[in-house]
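# have a look at this prediction, sequence included:
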Amino acid sequence: MNLSIVIPIQGHFNQLLDLLGDLKGLTAEVVVVEADVVAGNSTSMQATAVDLREQCRLRVLERGGQWLSSPASRGAQVALGCEQGRGAWLWVLHADTRIDVPVLRYFQTVIAAGPIGWGRFDISFRETHQRLECVAFFMNWRSRLTRICTGDQGMFFHRDCLARIGGFPNQPLMEDIELSRRLKCNGELQFFAPKLSLQTSGRRWLQNGWLRTILSMWRFRLAYFFGKSPEVLYDQYYRK
């Protein structure tokens with residue numbers, strides 16, 4: 001399969017190990033881009049974390065993938081992975097994503113058909129909670145309607161799509177929103193929004209409160225829409 005899977009990480013190697021297990025049966029290049037703040041401090045990590053990191057790294061290399069490092073910015077990490085990946089199709093996944101077989105089969109069908117397009121999957125939360133189910137429903141409905149997608153939804157795109165918009169946005173925050181906006185403005189590109197779900201963690205929503213998390217997300221999105229730079233928003237987001 002002519003596919004490169006780009007996974008930006010900053011720790012969380014136990015989650016990455018699970019994701020690599022889900023991808024085991026898929027013929028694809030895996031490109032892991034580690035935040036260099038982690039890569040440069042591996043000697044100070046706990047022995048368990050060092051061991052998990054090495055397991056992940058070896059598993060990626062053994063299947064012919066790449067293990068890269070980049071400044072600690074998800075946009076920069078994904079941009080580097082897209083640049084270095086060799087596949088015609090690029091699929092960006094977060095380390096806490098879990099994937100079922102129907103998703104992999106769908107991907108095989110899309111790539112075999114050979115269109116030039118982009119898209120995303122639905123998401124569902126692994127934790128069982130009625131409000132999380134509502135959050136997932138409205139996130140999926142909104143992105144299907146507006147074509148504005150989030151990184152949790154496993155965005156994918158043909159490399160030619162990136163070429164038409166000047167590459168993946170190398171910015172520290174809102175890179176997924178910016179990518180969606182640019183691709184959406186190119187009306188010639190086909191958009192895929194299958195009703196197939198990736199599983200992601202809802203721990204952040206439960207810990208911070210689902211309503212508070214939604215309001216915070218929309219506050220940052222509106223600030224970005226009205227012109228605040230992603231660098232300023234990044235500082236505010238990780239200082240909050």
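Thanks, I have the structure now. Numbering: from 1, shown residues only.
# please count neighbours and contacts with C-alpha atoms only from this point.
Will do.
# just checking, next helix/strand downstream of the least confident helix or strand in the chain by mean pLDDT?
For the chain, using mean pLDDT, DSSP states H and E, the weakest element among its helices and strands is helix 36-39, scoring a mean of 74. Taking DSSP states H and E as the definition, the helix or strand that follows helix 36-39 towards the C-terminus is helix 47-62.
# F220 belongs to a helix, doesn't it?
Yes - according to DSSP: H, G, I helix; E, B strand; the rest coil, the state of F220 is that of a helix.
# how about the nearest residue to it, chain neighbours excluded?
If you skip the residues right next to it in sequence, F220 has L233 as its closest partner in space, 7.0 Å away by Cα to Cα, 6 or more residues apart in numbering.
# residue boundaries of the helices in this protein?
Per DSSP state H, the chain has helices spanning 13-22, 36-39, 47-62, 74-84, 101-113, 130-146, 159-165, 175-185, 203-208, 210-225, 230-239. These are given in chain order.
# adding distance to V6 and mean neighbour count, write the ones you listed out as a markdown table.
Rendered in a markdown table, the data for these read as follows (distance: least, Cα to Cα, whole Å; neighbours: other Cα atoms under 10 Å):
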| stretch | distance to V6 | mean neighbour count |
| --- | --- | --- |
| helix 13-22 | 12 | 18 |
| helix 36-39 | 16 | 16 |
| helix 47-62 | 11 | 16 |
| helix 74-84 | 6 | 23 |
| helix 101-113 | 15 | 13 |
| helix 130-146 | 21 | 15 |
| helix 159-165 | 13 | 16 |
| helix 175-185 | 14 | 18 |
| helix 203-208 | 23 | 13 |
| helix 210-225 | 24 | 14 |
| helix 230-239 | 22 | 13 |
